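Chemist: Structure of the sequence below:
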Amino acid sequence: MASNDPSDTGGLFVGRRPGTAPLKYRDTPTTGDRKRRKMDGVIANGILVLETILCITLWGPQPAGWLWVGSQVDYLTGSVMTGILVAFAGMLLTLFFTLAIVKRLDHAWRLVRRAAGYEQKDGVLERIFVIGLGISATAFLFWLFILHGPGSSVFSGQSA
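Modeler: Reported below is the predicted structural model:
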């Protein structure tokens with residue numbers, strides 16, 4: 001009798017969709033000698049740092065860079081709409097491209113961690129993405145309220 005459990009059928013009641021079978025890992029990852037495991041750990045840490053840097057650029061430098069490019073297009077063409085369109089299209093293109101790269105880096109990180117002898121089944125992309133958002137939002141709020149400041153409602157910061 002066929003199972004109707006969505007975890008068995010990939011969300012369908014007829015059968016499993018191709019490529020949605022649960023992953024099956026070996027019981028324990030095979031490990032090399034001590035020197036090889038240490039090198040795999042160093043490579044895994046390097047991949048993790050690169051993944052973190054790329055995720056943090058999603059929340060500030062990339063959008064800001066495309067807003068600058070859009071302003072230059074606006075200046076050169078005299079069309080605000082063209083500047084907005086270029087900035088928005090470029091932002092979407094680089095954000096999706098960066099996410100595709102980071103997803104592949106996360107998969108490589110899991111493989112290298114397993115090669116280093118760790119029981120690594122899940123990636124860290126989601127955690128890095130959320131932590132990057134938290135860091136970027138905190139930095140922006142610090143800049144907005146502490147460094148730049150909304151200004152006093154009684155005394156203007158621009159008075160002599």
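Chemist: tell me the centre residue of this protein?
Modeler: Residue closest to the average C-alpha location in the chain (Cα atoms, centre = their mean): Cys55, at 3.6 Å.
Chemist: Please name every helix or strand in contact with the helix or strand containing Arg36.
Modeler: Using DSSP states H and E, the element containing Arg36 is helix 34-57. Applying 3 or more Cβ pairs under 8 Å, 6 or more residues apart in numbering; DSSP states H and E, we find helix 34-57 packed against helix 80-115, helix 125-142. To be clear about C-beta, it is placed using only N, CA and C from the backbone, and glycine gets the same treatment.
Chemist: could these be laid out in a markdown table, adding distance to Ser71, mean pLDDT and mean neighbour count?
Modeler: Compiled in a markdown table, the helices and strands packed on helix 34-57 are given as follows (distance: least, Cβ to Cβ, whole Å; pLDDT from 0 to 100; neighbours: other Cβ atoms under 10 Å):
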| stretch | distance to Ser71 | mean pLDDT | mean neighbour count |
| --- | --- | --- | --- |
| helix 80-115 | 6 | 94 | 16 |
| helix 125-142 | 20 | 90 | 14 |
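Chemist: And Gly90, how far from Ala64?
Modeler: Look at Gly90 and Ala64: by Cβ to Cβ, to the nearest Å, they are 12 Å apart.
Chemist: residues shared between the contacts of those two?
Modeler: When Cβ atoms under 8 Å, 6 or more residues apart in numbering defines a contact, no residue borders Gly90 and Ala64 alike.
Chemist: what's near enough to touch the nearest residue to Leu48 once chain neighbours are set aside?
Modeler: In space, and not counting its chain neighbours, Leu48 is closest to Trp109: 5.8 Å by Cβ to Cβ, 6 or more residues apart in numbering. For Trp109, the contact set (Cβ under 8 Å, 6+ apart) comprises 44, 47-48, 51, 123-124.
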